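[1] Turn this into a structure:
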Amino acid sequence: MKALITGITGQDGAYLARLLISKGYEVHGITPMRSNIDTSNLAYLEVTNARVFAGDLTDAGCINAIIARGKYDEVYNLGAQSFVAESFNQAAHTFEVNAKGVINLLDAIFRHSPYTRVYQASTSEMFGGEAEGALNEKSLFNPRSPYAVAKMAAHDMCRIYREAQGMHISCGILFNHESPIRGKQFVTRKITDGVARIQAGLADKLVLGNVAAYRDWGYAEDYVDAMWRMLQQDIPDDYVIATGTTYTVQHLCEVAFRAAGLNYVDYLETDKSNTRPLEVNILCGDASKAKEKLDWSATTSFDDLIKLMVTADLLRYGVEL
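    You can find the predicted model right below:
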């Protein structure tokens, strides 16, 4: 089997590459065009035999050439402008990458390799965080950021290509998922890195925005397994991937500081300038469909995930518990 992962150098791309290689796949990956390709996440996970090359989802000619040359069995589209807060400052760029880029990819696959199975990374942010209770595949979308709007457009285009062109496209509506290689701009890693810096004597406080927001947090390694399971199904479909349990950002801080032997109340400060223009108050997912059809469920607890991240960040600063 031969697979292409867009965004292979990101968190999910690196974990997915490791998983596919362990299953005997030949793995190729696209990363944004830069002077130096950052493969540090792949190195951290000891992924050494994936072929990584530069590409641009917004360049239709580039994507057509890659797909025509590769003739992949599976394509996992994880490439995106994925920082929600930044999408308010770069709305046009976010839409260009996260929506138009998906159309470029789907069109290239339909033209050159129509039997390729495709995974699209959709997001819980499409729900908007206003509905109560656990959200499933039938819940209404109410996007509250340029990021979510672009992802919803891509999600709908995948449905259209699936239904109109008969393509095998599955969308994973993934709720928040984290790991030791999560980018530091995301709140979970900002917290665990902040804890490590404080413990290492490099900082004396952690400043956050809205600590009352609830999220459904899982482990990225569990979630990429769900991606792979989707493309092994005979019939393509969309699936919510989540743990079904929510915690506040403040509780995450409590767990993270406790993992380092500290009390969060001594170090945590809040600043409204760190909040989004439109907040998403609560996101909780119902992955019953994934459990039934994919035999998938989250295997890593919230506390274990946060402890894993804190421990990894402490080691980066030379601190051992």
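[2] Follow the chain on from the longest helix along the chain and name the next helix or strand.
    Of all the segments assigned as helix in the chain under DSSP state H, the longest by residue count is helix 146-165. Where DSSP states H and E defines the elements, the next helix or strand beyond helix 146-165 is strand 168-174.
[3] what lines up beside that following strand in the sheet?
    The partner list of strand 168-174 in its sheet, established with DSSP bridges, is strand 117-123 (parallel), strand 238-241 (parallel).
[4] And the contacts of that strand?
    Contacts made with strand 168-174 from outside it, assessed by Cβ atoms under 8 Å, 6 or more residues apart in numbering, are listed as 106, 115-124, 126, 137, 155, 158-159, 161-162, 223, 226-227, 230-231, 233, 236-242, 285. Backbone N, C-alpha and C define where each C-beta goes, glycine included.
[5] Any quick PyMOL command for the buried ones out of the residues you listed?
    A single PyMOL command suffices to select whichever of those are buried according to 16 or more other Cβ atoms under 10 Å:
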select buried, resi 106+116+117+118+119+120+121+122+123+124+126+137+155+158+161+162+223+226+227+230+231+236+238+239+240+241+242+285
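[6] Tabulate the strands paired with strand 168-174 (CSV), appending distance to residue 30 and mean pLDDT.
    Below are these laid out as CSV (distance: least, Cβ to Cβ, whole Å; pLDDT from 0 to 100):
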stretch, distance to residue 30, mean pLDDT
strand 117-123, 14, 98
strand 238-241, 23, 98
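[7] count of neighbours near residue 24?
    The criterion is other Cβ atoms under 10 Å. On that basis, residue 24 has 7 neighbouring residues.
[8] same question, residue 82
    23.
[9] pretty sure it contacts residue 13?
    No: the criterion here is Cβ atoms under 8 Å, and residue 82 misses it with residue 13 at 10.9 Å.
[10] so which helix or strand takes in residue 85?
    Taking DSSP H and E as the criterion, residue 85 maps to helix 84-87.
[11] now do residue 12
    helix 11-22.
[12] quick check: angle from that helix to strand 117-123?
    On the basis of axes from the mean of the first three to the mean of the last three Cα atoms, to 10 degrees, helix 11-22 is oriented at 150 degrees to strand 117-123.
[13] so where's the stretch 101-250 of the chain uncertain?
    Residue ranges of the stretch 101-250 of the chain with pLDDT under 70: none are present.
[14] What segments of the stretch 201-321 of the chain are strands?
    Counting by DSSP state E, counting those that start in this stretch, the stretch 201-321 of the chain has strands at residues 206-208, 214-215, 218-219, 238-241, 247-248, 268-270.
[15] picking that back up, how far does the longest helix of the chain sit from its chain's centre?
    17 Å (Cα atoms, centre = their mean, to the nearest Å).
[16] Please apply the same query to stretch 45-57.
    Centroid displacement of stretch 45-57 relative to its chain, using Cα atoms, centre = their mean, is 17 Å.
[17] and what of stretch 85-104?
    Averaging C-alpha coordinates over stretch 85-104 and over its chain gives two centres that are 15 Å apart (Cα atoms, centre = their mean).
[18] Over to stretch 67-81?
    16 Å.
[19] The helix or strand hosting residue 65: which residues count as buried?
    Assigned by DSSP H and E, residue 65 falls within helix 60-70. Of the residues in helix 60-70, those buried under the neighbour-count criterion (16+ other Cβ under 10 Å) are 60, 62-64, 66-67, 70.
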